[in-house]
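Asker: pasting the sequence and the predicted model now:
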Amino acid sequence: MLRKLTFLAVSAVIAFGTLSFDLQKEKENPGDRLVGIWEPSNGRSRIKVDRIGNKYYGRVVWLIEPNDAEGKPRTDINNPNPDLRNLPLRGFRMCKDFVYQGDDTWSEGTLYDPNNGSTYSGTIKMRDDNTLDMRGYIGVEAIGRTDVWKRLKMPSKKKK
Amino acid sequence: MYKFLKTAGIVAVSVLMVTSCSGPGEVHEYAVNDLEFSLEGPLFAGPNGAQTEISIDLADVLGEAFEEGMRISDARLKTATVFPHDSLGFSQINAFVVAFASDNEDVSMQEAAVKNPLEEGAAEAVLDVAPEAELGEIMEDGKVYVVLDADLAEDYWDGNRDFKLNFTLELTIK
């Protein structure tokens, strides 16, 4: 009985400690709720968002068509800088420099469209923990396009 | 005629002033060696990134030549080489990309070097640098995030993958 109680007490302490740690982390960087893997509405790619310093970046981690017509991994052939057209498209940071502004909003960032090499200003609004409104625009935010992104769960089991 | 000459004179003096104020500055080479990156597992096939923070102290770069108010006006990556830092070497690595970023909200992250694809059996990866990548504004605040992305051919569940990066920058200092 005593052993059982001790086990329960230790489990409770560990659980509380983990919870406190997570809450503390979220308190320090409330924008970190954006971190994770997201899928745009067309389902043709998946984007992993990470924080670097105080800004958030999203890079392509999966493409429905990872290879070009010749069967080689696609690269950023439309990059305005010719020296960077060999960047692998899988891995490319298409969302850059988003800063958390509070109120579930990240802004001051840019969205890159590898289909035409254009960069747009961007704003991200989190509707709920699993849904983002990703808005890209040129100049005036009112004139732009919003895409809905859904959060994906990270794989947790080792594949055999 | 006098009015034209006067206007032309004012324009000429203005151009001269702008030119002298925006002189090229002094160019210094700045090398960073053995910068360590650890891609933290579990790692999935595809791109995986690691970041390290560096500080560029102009007083250190310039030594006695340093004067208060000096700043980096331009920076370009000249060389970048990645070395393996664990027993796995470059096994299952398809490509590397090096990028630079800062906390400055007005300055965007910049990719500056890439190696794609990686040569098989290479002991080091000499990256192709993008000389047009302008890194001056990123370096200006002194605190810089160096980001190394490695593209993995397969999932890796058994720990981290570690690499070292050597790079040289050409800093223009005014």
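Answerer: Structure received. Numbering: from 1, shown residues only, chains lettered A, B, ... in the order given.
Asker: and stretch A:29-37, how far apart are its ends?
Answerer: Start-to-end span of stretch A:29-37 (CA to CA, to the nearest Å) is 18 Å.
Asker: who touches it?
Answerer: A:25-26, A:46-51, A:56, A:61, A:98-100, A:102, A:106, A:124, A:126, A:129, A:132, A:151-154 (CB atoms under 8 Å, 6 or more residues apart in numbering or on different chains). All C-beta spots, glycine's among them, are computed from the backbone N, C-alpha and C.
Asker: show me which of these are buried.
Answerer: By neighbour count, with 16 or more other CB atoms under 10 Å in any protein chain shown, the contacts of stretch A:29-37 hold A:46-51, A:56, A:61, A:98-100, A:106, A:124, A:126, A:132, A:151-152 as buried.
Asker: ok, which of the contacts of stretch A:29-37 also contact chain B?
Answerer: Applying CB under 8 Å from any CB of the partner chain to the contacts of stretch A:29-37, one finds that A:50, A:61, A:99 fall near chain B.
Asker: narrow these to those in strands?
Answerer: Judged by DSSP state E, these include A:50, A:61, A:99 as members of strands.
Asker: now for chain A, the helix or strand with the poorest mean pLDDT.
Answerer: helix A:2-28 (a mean of 58; mean pLDDT, DSSP states H and E).
Asker: after that helix, next one along is what?
Answerer: Next in sequence after helix A:2-28, counting helices and strands by DSSP states H and E, comes strand A:36-39.
Asker: ok now that following strand, how far from the chain's centre?
Answerer: Here the centre of strand A:36-39 is set off from its chain's centre by 5 Å, with CA atoms, centre = their mean, to the nearest Å.
Asker: that one pairs with which strands, parallel or anti?
Answerer: The pairing partners recorded for strand A:36-39 under DSSP bridges are strand A:45-52 (antiparallel), strand A:144-152 (antiparallel).
Asker: tell me the mean pLDDT over the longest one?
Answerer: Taken as a whole, strand A:144-152 has an average pLDDT of 96.
Asker: also stretch A:89-109?
Answerer: 96.
Asker: in which helix or strand does the closest residue to chain A within chain B reside?
Answerer: As assessed by CB to the nearest CB, chain A sits closest to residue B:47 within chain B, at 2.9 Å. Remark: residue B:47 resides in strand B:46-55, with elements defined by DSSP H and E.
Asker: check which helices and strands that strand is in contact with.
Answerer: strand A:55-63, strand B:26-39, strand B:143-152 (3 or more CB pairs under 8 Å, 6 or more residues apart in numbering or on different chains; DSSP states H and E).
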